[in-house]
Each structure stands twice: as structure tokens, then as C-alpha cells.
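**Student:** Sequence plus the predicted model coming up.
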Amino acid sequence: MQPTAETLHDLHRRMVRIRLFEEAAGRLFEGSRMPGFIHLYVGQEAVAAGVCGALRPEDQISSTHRGHGHLVAKGGDLNRMMAELMGKSTGYCNGKGGSMHICDFELNMLGANGIVGGGVPIAVGAGFANAYRGDGRVSVVFFGDGATNIGAFHEAANMAAALKLPVVFVCENNEYAEYTPRDRTMAIDDVVERASAYGMPGSVIDGMDAVAVYSATHEALDRARSGDGPSFLECKTYRYYNHHGVQTLGAKYRSDDEVREWQERDPIERLEALMVDQGEVSSDEIRTVWNDIQAEVDDAVRFGEESPLPNPSALLEDVYTVREGVSR
Amino acid sequence: MTQTEDKNEVRQLTYSGAFNEGLRQVMAQDPDVFVVGEDVGIGGVFGAFAGVADEFGQHRAVDTPISEQAIVGLGIGAAVVGLRPVVDLMFMDFVMVAMDQIANQAAKLKYMFGGNAQLPLTITTSGGAGLSAAAQHSQSLEAFLCHVPGLKVVMPANPYDMKGLTVSCLREDNPTVLVQHKRMFGVKGEVPDDLYEVPLGVAQVVRSGNDITLVTYSRMVEESLKAADLLAADGVTCEVIDLRTVAPFDLDRVLDSVKKTNRVVVVHEAVRLGGLGAEIAAQIQEHAFDHLDARVGRVGAPFTPVPFSPALEALYVPDAERIAVEVRETLDL
């Protein structure tokens, strides 16, 4: 399914929101204004935007340690996201989850996950619930190339295919498992080869092309909604920053030339070129989009910084759900 | 005894049958409850799920690949979007295969998501030694689970509690592990045929006594009661407490008893070192030190894997004799 002009604008806005949110988060982290770990999504925006742009609001997504982009793309509230990253009580998880556990159940974003591959079986479970209820929803799971080396992925992929569940597996192949290049951790050329082992159709997609991701996702969603089972999309993409933190160039595990080559194929610039080419938008209008979203991100940073820290009583809350009328 | 023989007699069911009945009665009430696991469609390898697929359809008794991580993950994903799964892990040893999903995912989900999600998930499994099932099919691993905040762990000791605790687990909105003892599947007891709950976290005094308290659970309740019989011959009266739920355990009821008897032995089948008995003993001395007339005794398995040979396994599993020995030492008899 080729996107309409309106969809192109939508994909563009989703990507710019991710980019600017992540750049702001990176600056805060660098300036020690944000605690913990940070795994930035910059460079991979076309995947989250293309996939989430094709979803219905009721479809679920499950995410990874590099999960900010997925929640932004699903429509996440930037204020609550930024506050969560800062460990504030106004955050999505009341400051108790942080970057790696960000979630929004109202948006059917079932959570980032700190365990590589750990979210894949859970996403399959959501897919099971969709099939059980026959409500036409699809569960989409994001994971990296590295996650396909962990057992949970293989168990879950086989389970989804065996039970013919409405699930879409979206592999964001950014070519590195943390700091180890992919050709040293698997002896296959394309991750998608793994899909065929489970009897699941798979395709390789240019993960720097939001339109290609959007179209491929539509096909996979149609298949899932028709009751034909899961599909696997390998989106070849690239992480501009390191696995963790805000460094881009000068790393030992990859060359600066390689980083620059991928940056030449920047997914946002690419979509903007297409939109200008098609006469959908002027460069002034593009600038306005960036400026408006930057203002929104600045507000989110302010909201986060001005928000209170969690009350000490929160430490002991929400370990268990207490049943009404039962004392323990 | 059947109902035709005596109308006043409560019907007898096995431990396993009591689980089955509780499950089926809840499933009949709540269409969101389903069972998923290896071989559950044919009733489960121990027969715990017998008749479930026939009564409710294969879509509510879902057979899976042998994939414990994905089985538990399926339960978590389904629960977090509002269903109420019963996930079967067959042998408690297999809990370790799925431990990432249980301990890193299920247990923490509510807390790390700031209370915005809940997980009405019941994991059923069978633990315990005594059937020559050897080192990988006989363990009592509850201490691993009790150490993880967010989980509840339930270990029934008789058919009545099995049914009531099963119903309570299925109505919980927390991830709960219901551990059956596989040596007790055929044990019979009185079980009402109506739908009832036994509350989680509430222990029960199963025998009253004044000289010493035995704190125990699961199959060791039976051995502790036998030990109490042996000791009664010496004029020692034991109070036996069945914890029923081991996480959270009913500290108040334990302390009430200890304050009465002033002596206590904690009994479990699991390995003694690092076992739940260590935690219970520590909490007793923290909260009732002045009431204790002796050090807290502990009975548990030796620090070895479970052996295969019946000759060795009999030495491994605690029994009434060993409990009685520990009681006599604690009483300085």
C-alpha cells in the first residue's frame, strides 16, 4: 500500500519528533541531567515511524532497550516521556521504570524491555489474546539483530507460527549487537533467513526508507488480520550513536567512514527530498515542522525538569495489586 | 465413602482432582481464563487438566511447543492485555528454564511500569521428591521464587486447600506460582463441591499444642503431623502450622504460636541451606526473640542434588523421624 500525501506528512512528523526528542535526551544525559543508561534511537527513525504509521490505534507494540522511538512513534506524550527519563513522579512509570521500561498501555505500547529478546515472548502473548478474542488486533514486536541470537526469540517465533498468531516481527538490523559486528555473531547474510526456519514469510526492507517500511508493514498486518499468521520484516538500518550514550564518531568498533556513509542516507532527509520532489511540501514548511516540534521538545524538557521527584512512599508501592475485600 | 452412604459426609476428592475442579469451576464462570502449556490439551501429563479441553474447547486448553520461556511469555502478554491465563510448567525444575520471563518480566512488570499494568497470571507446576525422578525432576525451588518481589507462591498440603487456593490464585491480579507436590496427587480428602476460596497469605493451625511449634507447608505438613504423633508418646505436644502460602507467608500466625510455645522448628523438603526456613527463622528471632527459650530449629534436605536410587532418596527427603529428632534437640530432651 503506497502512502497518501497525508501519510507522508504523518511519517515525517513522527520521525522528526523521534529525532528531536532523542537529541534533547542525549544532551541532557551528556550534561548529567538524566540518570541511568541511555540507548538512543537516532538513525533508525524510519522503522518506528513506518511501522507505527501503518498501525491502528488498538494494535499493540512491544519494544526494546532502545525504545524511546517506538513510544514516540505510537503517539507517546513527550512530557511524560522526558519526565520518566529523568526519574520524576510525573513520568510514564512514575519515575520507577526509566528509559528501559517506558510504556503507555492506553496507547497499547506494552513496554520497552531491559532484557534483550525478553519482550518477544510477551508480544506473542498479546497476539495470542488478540486471536483468543478474535478482535482483529495485531501485536507488533520490535527487536534488534542481536536479539535473534537469544533463545526466547526462537521459542517465541516458533510459537507464533505454530499457533498462527496475529503478530508482526520487526527486526531492526543495525548491524551491531552492542559493540560486536553482526558478521561475528551469526553465520548468515540476512537475519530474515531465520524466519523461514519457522515457516514464516519474511522480507528485507530498506530500514532507512519510511515509505518502504510503511508499505511492508501494511502487507504484514493484512496477513495477520486475515488469520494467516505472523510475518517477519528485516529492516536494515543504522544506529548513529553508540550502543549506549551520545558518542558518534571515533569509536574503536566501527569506522567513522561507515558512520558517515549511513548518515548520507539519513531517513528524514530522504523522506523530505521525496516530499519536496512530489511538490507536497516546501522547504519553509519543513522548517516549520522542525521548529514546532523543537518547541514541543523544549517544553517537555522544561516539564521534566520542573516536575517533582517521586515521594519516598512510592518506593514500596505497586509491588503487588491488592484485591478489594481481601486483607492480604 | 460416597454421598449415598452418608448424606452428611462431605465428598472426597484427590489433591489433583481438587485442583481440576477449582480450575473448571472458575473457567465456567470466567471466559477470560484459559490454560496453556505442554500436553494440557490431553489433560496434562499428571492428569491435572483432565477434561478441560472437552468441556471448554481446545482454544481454552492450548497445547504448546516445549518452550518454557515462550509459554510463560505467552501468559504474561495475554495477562497484560486483560486475559487471565493459567500457564503450566509441568515440573518445578522447569521454572528455571523460564526464569527470565518469571523473575525479570512477570514479577517486575507492575512496579517498573509505575503501577500502570497488572498481571493476573497463574503458573502451575509440580515439585517435590519421592518418585525417583532424580535431580532434574524432583526439586523444591520455592526459595528462588520467594526471593523475587512481585511473585506470590502457594503450596497446598491437602485437597481442601488445593481447591480453595486454586480458586484464589485464579482470581489474583498478581503473578502467582501454584506448586503441587507430585507425591500427593492421589491423596484424598474432603472437598465441598461448591466454589470457595482459601485466602492467600493466611496460614492455618492444623494441630494445637503447647510445647513447640512446627512451621511447615506442602507435603511436610503430613510428615510434621506424624512427628507430632511420635512426640505425643513422649508427652510433647506440638502445634503444627501449615503456611499454605509461602510468599507472602503469614508471620503473624507464626509469631502468635511461638509466643505461646516459646520453641519452634521450621520444616521443609527443600535444601536446608538458603532455604525458606532460614528466612522464617530470622524473622522469628527479629520479632519474638524474648519469647524464645531455644534456638530456632530447622529441618530440610541435605546440600546435594536429589538422588535417584530409592535408597538414597529416602535419606534425602525429610521425614517424621528426622523432624522428631530436631524437635527433641530443640527441646533439649
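**Tutor:** Perfect, I can see it now.
**Student:** Centre of the chain to stretch A:139-158, how far?
**Tutor:** Here the centre of stretch A:139-158 is set off from its chain's centre by 14 Å, with Cα atoms, centre = their mean, to the nearest Å.
**Student:** Now do the end-to-end distance for it.
**Tutor:** Taking Cα to Cα, to the nearest Å, the first and last residues of stretch A:139-158 lie 15 Å apart.
**Student:** Quick check: residues of the stretch 1-150 of chain B near chain A?
**Tutor:** B:34, B:36, B:59, B:62, B:64-65, B:67-83, B:85, B:100-101, B:104-105, B:109-118, B:149-150 (Cβ under 8 Å from any Cβ of the partner chain). Glycine gets a C-beta too; all of them are placed from N, C-alpha and C.
**Student:** Please convert the buried members of those residues into PyMOL selection syntax.
**Tutor:** In PyMOL syntax, the buried subset of the residues of the stretch 1-150 of chain B next to chain A is picked out as below (16 or more other Cβ atoms under 10 Å in any protein chain shown):
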select buried, chain B and resi 34+36+62+64+67+68+69+70+71+72+73+74+75+76+77+78+79+80+81+83+85+100+101+104+105+109+110+111+112+113+114+115+116+117+118+150
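**Student:** Give me the subset of the residues of the stretch 1-150 of chain B next to chain A lying in helices.
**Tutor:** Cross-referencing the residues of the stretch 1-150 of chain B next to chain A against helices under DSSP state H gives B:68-80, B:109-112.
**Student:** The chain: strands as residue ranges?
**Tutor:** No chain specified, so I'll use chain A. With DSSP state E as the criterion, chain A has strands at A:60-62, A:139-144, A:167-173, A:176-177, A:180-181, A:202-206, A:231-236.
**Student:** ah, I was thinking of chain B
**Tutor:** Under DSSP E, chain B gives strands at B:12-14, B:33-37, B:61-63, B:84-91, B:122-127, B:152-154, B:176-181, B:188-190, B:204-207, B:212-216, B:238-242, B:245-247, B:264-271, B:297-301.
**Student:** How about residues contacting the last one?
**Tutor:** If I follow you right, that is strand B:297-301. B:129, B:140, B:220, B:263-273, B:275, B:277-278, B:281, B:316-318, B:322-323, B:326-327, B:329-330 (Cβ atoms under 8 Å, 6 or more residues apart in numbering or on different chains).
**Student:** which of those residues are buried?
**Tutor:** B:129, B:140, B:220, B:263-272, B:275, B:277-278, B:281, B:316-318, B:322-323, B:326-327, B:330.
**Student:** Quick one: neighbours of whichever residue of the stretch 151-300 of chain A sits closest to chain B, just the number.
**Tutor:** Relative to chain B, the nearest point of the stretch 151-300 of chain A is residue A:155 (3.6 Å; Cβ to the nearest Cβ). Residues lying near residue A:155 (other Cβ atoms under 10 Å in any protein chain shown) number 28.
**Student:** So, low pLDDT: which residues of the stretch 201-333 of chain B?
**Tutor:** Of all residues in the stretch 201-333 of chain B, none has pLDDT under 70.
**Student:** who in it is up against chain A?
**Tutor:** Within the stretch 201-333 of chain B, the residues that sit near chain A (Cβ under 8 Å from any Cβ) are B:201-202, B:248, B:250.
**Student:** Which one of those residues is nearest to chain A?
**Tutor:** residue B:201 (3.5 Å).
**Student:** Touching, that closest one and residue B:248? I think so.
**Tutor:** Yes: assessed by Cβ atoms under 8 Å, residue B:201 is found in contact with residue B:248 at 5.0 Å.
**Student:** These two - which one has more neighbours?
**Tutor:** Counted by other Cβ under 10 Å, residue B:201 and residue B:248 do not tie: residue B:201 has more neighbours, with 21 against 16.
**Student:** ok, now which ones touch that one?
**Tutor:** So residue B:201 contacts A:328, B:152, B:245, B:248-250 (Cβ under 8 Å, 6+ apart).
**Student:** which of the residues you listed has the most neighbours?
**Tutor:** residue B:245 (27 neighbours).
**Student:** From the centroid of chain B, which residue is nearest?
**Tutor:** Taking Cα atoms, centre = their mean as the criterion, residue B:155 is the residue nearest the geometric centre of chain B, at 0.9 Å.
**Student:** Quick check: closest non-adjacent residue to it.
**Tutor:** residue B:218 (4.2 Å; Cβ to Cβ, 6 or more residues apart in numbering or on different chains).
**Student:** pretty sure the one you found contacts residue B:269?
**Tutor:** Yes: when contacts are counted by Cβ under 8 Å, residue B:218 is listed as touching residue B:269 (6.7 Å).
**Student:** So for those two, which residues contact both of them?
**Tutor:** Contacts common to residue B:218 and residue B:269, judged by Cβ under 8 Å, 6+ apart, are B:128, B:140.
**Student:** Near residue B:23, how many other residues are there?
**Tutor:** Residues near residue B:23, counting by other Cβ under 10 Å: 25.
**Student:** same deal with residue B:260?
**Tutor:** 14.
**Student:** Not counting its neighbours along the chain, what's nearest it?
**Tutor:** Closest to residue B:260 by Cβ to Cβ, 6+ apart is residue B:210, at 6.8 Å.
**Student:** Any figure for the gap between that neighbour and residue B:92?
**Tutor:** Using Cβ to Cβ, to the nearest Å, residue B:210 is found at 35 Å from residue B:92.
**Student:** quick one, which of those two is more surrounded?
**Tutor:** When residue B:210 and residue B:92 are compared for neighbours, residue B:92 comes out ahead with 25 against 12, by other Cβ under 10 Å.
**Student:** thinking again about what came up before, need the max-distance pair from the residues of the stretch 201-333 of chain B next to chain A.
**Tutor:** B:202 and B:248 (10.0 Å; Cβ to Cβ).
**Student:** Just list what the lengthiest helix in chain A packs against, helices and strands only.
**Tutor:** Using DSSP H to define each element, chain A has its longest helix at helix A:5-30. For helix A:5-30, the packing partners by 3 or more Cβ pairs under 8 Å, 6 or more residues apart in numbering or on different chains; DSSP states H and E come out as helix A:45-54, helix A:68-73, helix A:78-85, helix A:210-225, helix A:267-277, helix A:283-306.
**Student:** hang on, residue A:175 packs against residue A:186?
**Tutor:** No: judged on Cβ under 8 Å, residue A:175 makes no contact with residue A:186 at a distance of 11.1 Å.
**Student:** For residue B:298, give the beta-bridge partners.
**Tutor:** Beta bridges link residue B:298 to residue B:266 when assigned by DSSP bridges.
**Student:** ok, now how distant is it from residue B:204?
**Tutor:** The value you get for residue B:298 to residue B:204, if Cβ to Cβ is used, is 21 Å.
**Student:** For these two, indicate the residue with more neighbours.
**Tutor:** residue B:298 (21 against 16).
**Student:** how near is that one to chain A?
**Tutor:** 25 Å (Cβ to the nearest Cβ, to the nearest Å).
**Student:** about what we covered before: distance to residue B:193 added to the helices and strands packed on helix A:5-30, as TSV?
**Tutor:** Shown next, in TSV, are the helices and strands packed on helix A:5-30 (distance: least, Cβ to Cβ, whole Å):
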stretch	distance to residue B:193
helix A:45-54	51
helix A:68-73	49
helix A:78-85	50
helix A:210-225	43
helix A:267-277	64
helix A:283-306	57
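**Student:** Quick one: neighbours of residue B:234, just the number.
**Tutor:** 12.
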